[in-house]
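Student: have a look; sequence and predicted model below, questions after that.
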Amino acid sequence: MSVLSQAQALIGRRTRRRREHTSLWVTAREAFWIALEALRAHKLRSFLTLLGVVISTTTLIVVISIVNGMNTYIADHVANLGANVFILHQFKWATDDEEWLKERRRNLPMRIEDYEFLRDSLPGYKNVGAETQLRDAAPAIRYQGHIIEDTVFRGVTPSMINVGQEEVGYGRYLTESDYEHSTEVCFIGQDVVDQFFPNVDPLGKEILVGGNPFLVVGVAKRIGTAFGQSQDNFLEVPLTAFRKDFQARPQLAIDVQAWSADQMDELQEEARALMRARRHLSYHQDDNFGINASATIMAAWNDLTGTIFAVGIAIVAVFMVVGGIVIMNIMLAAVTERTHEIGIRKSLGARRRDILWQFVIESGVMAGTGGMIGILFAALISWVVNIWFTSAMPLSAVLIGIILSSAVGLFFGIYPASKAARLDPIEALRTEN
Amino acid sequence: MGTQVASSTPLRHNVAPADGVVIKTDNLWKTYEMGSLAVHALSGVTFEIPRGEYVAIMGPSGSGKSTLMNLIGCLDTPTNGQYWLNGRLVSELSDDELAFIRNKEIGFVFQTFNLLSRATALHNVELPLIYNGTPAEERRTKAEEALTKVELGDRMHHKPNELSGGQRQRVAIARALVNNPSIILADEPTGNLDTATGEEIMNLLDRLQAAGNTIVLVTHEHDIAARAHRIIHIRDGKIARDERIKG
């Protein structure tokens, strides 16, 4: 026989052989169905196996949802702060529980007299204004039979146009004259226009607020959203009209605008000193009011969310690892149980990586199912929490939940899968089932 | 009576078999290390099997016939010696390469059937096709053809626990055929069947051989071995006798 053909025979015709192998997709699909079948066959055992993954996914999503919900709350208070503005209010807006309880007992609201006092006594400000706000207890806002929800209803001083985010789109803002005469006029945001006056000029129309007619004199330019909340759903009336028709002694937020960022600190301290004197607070007594600036709020907010996230992630991580180890052990047991089956597959031509891939996918599918269950639980909890607090489950959280739990399954499935892959087919075939 | 065939050729390495020889083994040894002791399961086995032949490998337990079967079936590689399967030297291949050979060249039929119990007959027969990447359409067609060939066309969607022993073995045979292998390697195929069913299965094997398949039958029962055309007797890891008994 020629040297060439001997050599060819030795190499085993490798050069002429086409590599045909099972596609990963096909194995994945088969593994997917096998995994689901296994879960369905032993429901209780499966649930206990997946408990770790379920708990961690639920925790993760609930944490994300609560933080997402809290952003809504913050958006209302922080987002419409203009530049170099600080706000005097009954409370400091970003405090811990202890402080909060103390404040609730001790702090007094800002009233119209406090506003007038500061307006007249605080030196060197660029602007000062006052606003009061009704949101959840807002009166019904109606136009020609339509009602809109969730509108922020504010009573304001005319100076607020300089202090707040609003800018006049067309028409005019509320004037000193309106304020003096407690005229029933209103300035509305773009969302109100969209709802009530889609194709019509809103100026001159009358909107009923709690049954009282208010004439539209101006429309704001569109502001946009902050923290997912639209900033354009508002209706503002003169504070005096507000007092006449709704609350005689409203609780106010007093907005003070400094000339520059540098002046802010100084002006804040002045305001604090004046208020403390006005309220006869002695040196060692704490403030019984709050001064809020967006910088401090954002810092406190970031701290808070940071802490919530950190704690949440820690819990998630622990349960993920525990859950992953449980899955790994169950898969090890499954590999032992199915040793014979693995032997059959190998005898039919399954390579190591085919077996490895099959079991890794099974593990991932199991964990992914746990993730789905966790998402369902999280949705339920989020709905319940929303009754007392705020919680909003974003779609991205759902995706994260599925991906993360599947990844844990894939990762912790590698060890059992590699054991399966390395089984000797002869030994495996000899194993009794 | 049979005629004796020369049981060994002079030792010559790296000599590929002639065309038409499906199996050629040259001085196969299989040794296991048990601590400091070396146990020789096979001590120099040499033979050739041409295409289309019906060979039985017979021997008592401990003779090495199972070891030889594992080598022939590419489930294992020899410690020494060479094994040519369909012109390819397979005795030194890696695990992955062996898996590929098993898939393409060997059709296993086991005593205990070795079907996947949670899959239908059709899916069982499709398995080898899955592992060599055959697309779904083609897979289904080939599997259905194979099942029809063994006369189980009407039971494709049954699971093994819904089939009788004989039917299960037929599914196994269909699975063995589906990739058009070089050899059908049957290990005590009737061991778990009653006499009548066993007879059916042996008849099926006869038909397959008549249709051109090469069949290697491993058994310790003389009645079963006598169905083949040639019997290789194994004893103590060596070929004791290689007799042609038919045609």
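Tutor: Ah, there it is. Residues are numbered from 1 along each chain as shown, chains lettered A, B, ... in the order given.

Student: since we're on residue A:280, how many residues are nearby?
Tutor: 7 (other C-beta atoms under 10 Å in any protein chain shown). To be clear about C-beta, it is placed using only N, CA and C from the backbone, and glycine gets the same treatment.

Student: same question for residue A:116.
Tutor: 12.

Student: and it, backbone torsions?
Tutor: Residue A:116 adopts backbone torsions of phi -60, psi -40, taken as degrees, to the nearest 10.

Student: gap between it and residue A:242?
Tutor: Residue A:116 sits 16 Å away from residue A:242 when distances are taken as C-beta to C-beta, to the nearest Å.

Student: who does the helix or strand that residue A:133 is a member of touch, helix- and strand-wise?
Tutor: Secondary structure from DSSP states H and E places residue A:133 in strand A:127-134. Contact here means 3 or more C-beta pairs under 8 Å, 6 or more residues apart in numbering or on different chains; DSSP states H and E; on that basis strand A:127-134 packs against helix A:112-121, strand A:152-156, helix A:160-163, helix A:239-245, strand A:253-257.

Student: where do the strands sit along chain A?
Tutor: The residue ranges that make up the strands of chain A, judged by DSSP state E, are A:85-89, A:127-134, A:141-143, A:146-148, A:152-156, A:168-171, A:185-188, A:206-209, A:212-220, A:225-226, A:229-230, A:234-238, A:253-257, A:290-293.

Student: wait, residue A:179 touches residue A:157, no?
Tutor: Yes - at 6.4 Å, residue A:179 and residue A:157 qualify as touching, with contact defined as C-beta atoms under 8 Å.

Student: overlap of the contact sets of the two?
Tutor: Where contact means C-beta atoms under 8 Å, 6 or more residues apart in numbering or on different chains, the residues bridging residue A:179 and residue A:157 through contact with each are A:238, A:239.

Student: neighbour count winner among these two?
Tutor: Set side by side, residue A:179 and residue A:157 show unequal neighbour counts under other C-beta under 10 Å, the larger going to residue A:157 at 25 against 17.

Student: residues in contact with residue A:233?
Tutor: For residue A:233, the contacting residues are A:148, A:150, A:151, A:152, A:189, A:191, A:192, taking C-beta under 8 Å, 6+ apart as the criterion.

Student: ok, and of those residues, which contact chain B?
Tutor: With C-beta under 8 Å from any C-beta of the partner chain as the criterion, no member of these is in contact with chain B.

Student: which one in the residues you listed is the model shakiest on?
Tutor: Scanning the contacts of residue A:233 for pLDDT, the smallest score is found at residue A:150, 79.

Student: which residue is the nearest non-sequential neighbour of that residue?
Tutor: Taking C-beta to C-beta, 6 or more residues apart in numbering or on different chains, and ignoring the residues beside it in sequence, residue A:150 has residue A:233 as its nearest neighbour in space, at 6.1 Å.

Student: low-confidence ranges in the chain?
Tutor: Chain wasn't specified; assuming chain A. A:1-23, A:71-83, A:94-95, A:135-136, A:226-228, A:294-298, A:387-392, A:433 (pLDDT under 70).

Student: wait, chain B was what I had in mind.
Tutor: Scanning chain B for pLDDT under 70 picks out the ranges B:1-14, B:247.

Student: residue in it nearest to chain A?
Tutor: residue B:103 (2.4 Å; C-beta to the nearest C-beta).

Student: just want the residue of chain A that's nearest chain B.
Tutor: Counting by C-beta to the nearest C-beta, chain A gets nearest chain B through residue A:349, at 2.4 Å.

Student: wait, that residue sits on residue B:129?
Tutor: No - because the distance of 9.5 Å does not satisfy C-beta under 8 Å, residue A:349 is recorded as not touching residue B:129.
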